[in-house]
Each structure stands twice: as C-alpha cells, then as structure tokens.
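Asker: Just to be clear, the model below is a prediction. Sequence and coordinates:
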Amino acid sequence: MKRGFEITSQAADLGIQLPQRATKQAAGYDLASSTEMVLPSIWKQGLLRAFKILRKGRKLSATEADDASQDLKPYLVPTGIKVYMQPNEVLILANRSSNPLKRGLILPNGIGVIDADYYNNEKNEGEIFVQLVNWGIRDRKIHKGDRIAQGIFMPYLLADADETPHTTRTGGFGSSGD
Ligand SMILES: O=c1ccn([C@H]2C[C@H](O)[C@@H](COP(=O)(O)OP(=O)(O)OP(=O)(O)O)O2)c(=O)[nH]1
Ligand SMILES: [Mg+2]
C-alpha cells in the first residue's frame, strides 16, 4: 500500500467512486463532490448585503454593522474521500482549468496541500474538502459526482536545519494554530 484513496466511513453508503485520472497521461486524480449543494455567487452575496443596508435607510445597530462587515467565506465542498501516501509525499489539490471558464469557480487558496498526516485524523478522518468561491454572477449548483478539482501526488524535500516536530495532526484548516 504505497498511496491511494479511500472512501470515508461517513460516506460509505453514498455510492461514491474513488478518484480516477481522465486520460492515460493525466497527472491529476479527479475529485468529485459527495453532495449536492448551491454555491452562491460572491458578487450577489455582497450586493444583497449592500442593498439590505441601503434599504434600511438608517444607521445600523452595532450587531447589524458587525454582521454586514463579516467577510464572505469560501465554501468547503466535501468529497467523502481520504488519501494515504508515503511520509515524504503530499497531494496537491489544483483547480480544473475548465472551472473558472465554464462555471466561475476558483480555488481561493490557490492550491490545496493535503498532508500525509491528515489521513485518519481524529477530527474528520482525513476527508478532503475543496475550497471553492463562485465568482460568477449566477449561483451555481454542484451535483453529487461533479468533478470539482484534481489531486496530484508529489514528493517533497526537507531543509538542512529541519527539526521535524513530534506533534500529531488533529485536523485541518488551521488546526495547528493561527
Ligand atoms: O484545500 C484543502 C487544503 C487543506 N485541506 C486539509 C488537508 C491538509 O493536510 C489540512 C491542513 O491544510 P494546510 O496546512 O494547508 O492549512 P492550515 O491552515 O495550515 O491548517 P493546519 O493548521 O491544520 O495545518 O487541511 C483540505 O482538505 N483541503
Ligand atoms: Mg498547515
């Protein structure tokens, strides 16, 4: 067992497929959404918020002002997939080039880094999530099974003065602190 994908126990009954490459020399394993969800247009969300404020025609209360100034966050699309690999390897998540062109979808983190020690972590079993922002004008529906990103296995190198930490990964998305 060198490297590969597994379905998470939560997604075991969803009938999802393991990621595959689309052509003989494709570098990326296509990852699909494990659920149906709507990704609201980021423009629309921002404008709706602005309209709401304007329509009020009065000074906002402190809580309203606080709500209105909250950042619009990217959506985390679940895949129901976890990945195992060698300790010196990483899975790089990259967007599909057709996503921005055809669907207005971008990966706000540029690329996703899936660490080898994310596998089977205590918080979410190592489920891969794809961060997506819909920067199109219209809301976008994602269907279960839609391919949303691709994962590329890579070896990584250590620096001379590397002091490998002994800490165990407990989750993702900021689990190691700010
Ligand atoms: O697009 C992504 C990016 C990351 N991850 C998971 C796998 C990765 O191993 C973990 C941590 O990612 P990263 O180190 O890039 O984020 P961080 O903000 O530094 O979080 P942490 O403190 O948990 O390392 O989150 C995803 O599922 N999807
Ligand atoms: Mg990190």
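Answerer: Nice, I can see it. In this text, all values refer to a predicted model and were calculated from it rather than measured experimentally. Ligands and ions are numbered 1, 2, ... in the order given.

Asker: what about the strands in this protein?
Answerer: Taking DSSP state E as the criterion, the chain contains strands spanning 4-7, 29-32, 37-39, 75-78, 81-84, 89-95, 105-106, 112-115, 129-134, 140-142, 147-155.

Asker: Let's have the ones you listed in a markdown table, adding distance to ligand 1, mean neighbour count and mean pLDDT.
Answerer: (Each C-beta comes from the backbone N, C-alpha and C, glycine too.) Converted to a markdown table, the strands of the chain look like this (distance: least, CB to the nearest ligand atom, whole Å; neighbours: other CB atoms under 10 Å; pLDDT from 0 to 100):
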| stretch | distance to ligand 1 | mean neighbour count | mean pLDDT |
| --- | --- | --- | --- |
| strand 4-7 | 13 | 17 | 98 |
| strand 29-32 | 10 | 21 | 98 |
| strand 37-39 | 15 | 16 | 97 |
| strand 75-78 | 8 | 18 | 97 |
| strand 81-84 | 9 | 22 | 98 |
| strand 89-95 | 5 | 19 | 98 |
| strand 105-106 | 12 | 21 | 97 |
| strand 112-115 | 2 | 18 | 98 |
| strand 129-134 | 4 | 22 | 97 |
| strand 140-142 | 15 | 16 | 97 |
| strand 147-155 | 8 | 18 | 98 |
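
Asker: wait, which of these is closest to Ala50?
Answerer: Ala50 lies closest to strand 129-134 among the strands of the chain, at 17.7 Å (CB to CB).

Asker: shaky segments in this structure?
Answerer: The chain contains no residues with pLDDT under 70.

Asker: Can you tell me which residues in it are near ligand 1?
Answerer: The chain has residues 93, 109, 112-115, 118, 128-129, 131, 171-176 near ligand 1, with proximity defined as CB under 6 Å from any ligand atom.

Asker: surely Tyr119 meets Pro87?
Answerer: No. Between Tyr119 and Pro87 there is no contact under CB atoms under 8 Å: 10.6 Å.

Asker: any idea which helix is longest in this protein?
Answerer: The single longest helix within the chain, with elements called by DSSP state H, is helix 42-56.

Asker: Next, the angle from that helix to strand 129-134.
Answerer: 60 degrees (axes from the mean of the first three to the mean of the last three CA atoms, to 10 degrees).

Asker: Let me see the contact set for the residue nearest the centre of the chain.
Answerer: Geometric centre of the chain, nearest residue: Val130, 1.8 Å, by CA atoms, centre = their mean. By CB atoms under 8 Å, 6 or more residues apart in numbering, the residues touching Val130 are Leu31, Ser33, Leu76, Val77, Thr79, Leu93, Leu107, Gly112, Ile148, Ala149.
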